[in-house]
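In: Provided below are the primary sequence and the corresponding predicted coordinates.
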Amino acid sequence: MLEPLGAATARAELDVPATLHAPLFRSCIESIDESRRIVVLDLGAAQTRTIELFGGFRCRMEIVDIADSVEALNAEREPAALGSLVESLLPKAGGEPLDLVLCWDLLNYFARPALTAVMAGIAKRTRRGALAHGLIVYLESRMPARPGCYVPLEDYRLVNLNRGARGDRAAPRYSPEDLKRCMPDFSIERGRLLANGMQEFLFRR
């Protein structure tokens, strides 16, 4: 039996020392028009909490965990081959257009060509005005070796279930200007510096 979101909050906070207040993520959820159907693309692993949260709306979710493909994407230097790899990972183009894309902290792990290719592929699948949400490492020069595994709590705070993962790597520390160059199909709608030193962004298609 699925444990209610509220019942798991205290347990999650015991297991994970810190939760992340993400006001722009919260604004995404609170701005959903409950009278219309939306399509959400989650680039992280399937999480019961996330599915449960969006299950409260007229929503179809596409879940594509591409964390294990980051190194392959970064290693591919030939643009056509990179584009083909992106197409093989994302949902089929031409279907119901996306309204919201959850990137979590994944954008930090892409080299610039891969970041451009992935977001161009996503742009092809979104409607005009769609939003993408992302967390960018900003103050720290190092970051965990693998992307986080974020789940929302009932008050829209985020918990990273990979918080204790071993190893780290250099953080690209993408600036807003870097992101604009790498993601020409998206504009920065809003940005916030969070307490943990990450920048939270909403990008508009």
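Out: Happy to help now that I have it.
In: gap between L115 and P172?
Out: Taking CB to CB, to the nearest Å as the measure, L115 falls 9 Å from P172. To be clear about C-beta, it is placed using only N, CA and C from the backbone, and glycine gets the same treatment.
In: next: L139.
Out: With distances taken as CB to CB, L139 is found 13 Å from P172.
In: between those two, which one's more packed in?
Out: Higher neighbour count among L139 and P172: P172, with 18 against 12, using other CB atoms under 10 Å.
In: phi, psi of the more buried one?
Out: When read as degrees, to the nearest 10, the backbone of P172 gives phi -70, psi -20.
In: just give the nearest non-adjacent residue to G44, would you?
Out: W104 (5.1 Å; CB to CB, 6 or more residues apart in numbering).
In: can you report how many residues lie near the one you found?
Out: 23.
In: how about it, what does it touch?
Out: Neighbouring residues of W104 by CB atoms under 8 Å, 6 or more residues apart in numbering: 43-44, 133-135, 147-148, 150.
In: neighbour count for those residues - can I get that in a markdown table?
Out: Putting the contacts of W104 into a markdown table (neighbours: other CB atoms under 10 Å) gives the following:
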| residue | neighbour count |
| --- | --- |
| L43 | 23 |
| G44 | 21 |
| H133 | 20 |
| G134 | 27 |
| L135 | 26 |
| P147 | 27 |
| G148 | 22 |
| Y150 | 25 |
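In: can you list the residues you listed in CSV and add secondary structure?
Out: As requested, the contacts of W104 are exported to CSV (DSSP: H, G, I helix; E, B strand; the rest coil):
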residue, secondary structure
L43, coil
G44, coil
H133, strand
G134, strand
L135, strand
P147, coil
G148, coil
Y150, strand
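In: touching, A171 and V137? I think so.
Out: Yes. A171 is in contact with V137 according to CB atoms under 8 Å; the separation is 4.1 Å.
In: of those two, give the one with the bigger neighbour count.
Out: V137 (22 against 18).
In: related to what we said a few turns ago, tell me the one of the contacts of W104 nearest I188?
Out: G134 (10.2 Å; CB to CB).
In: quick check: closest non-adjacent residue to the closest one.
Out: Nearest residue to G134 in three dimensions, chain neighbours excluded: C103, at 3.9 Å (CB to CB, 6+ apart).
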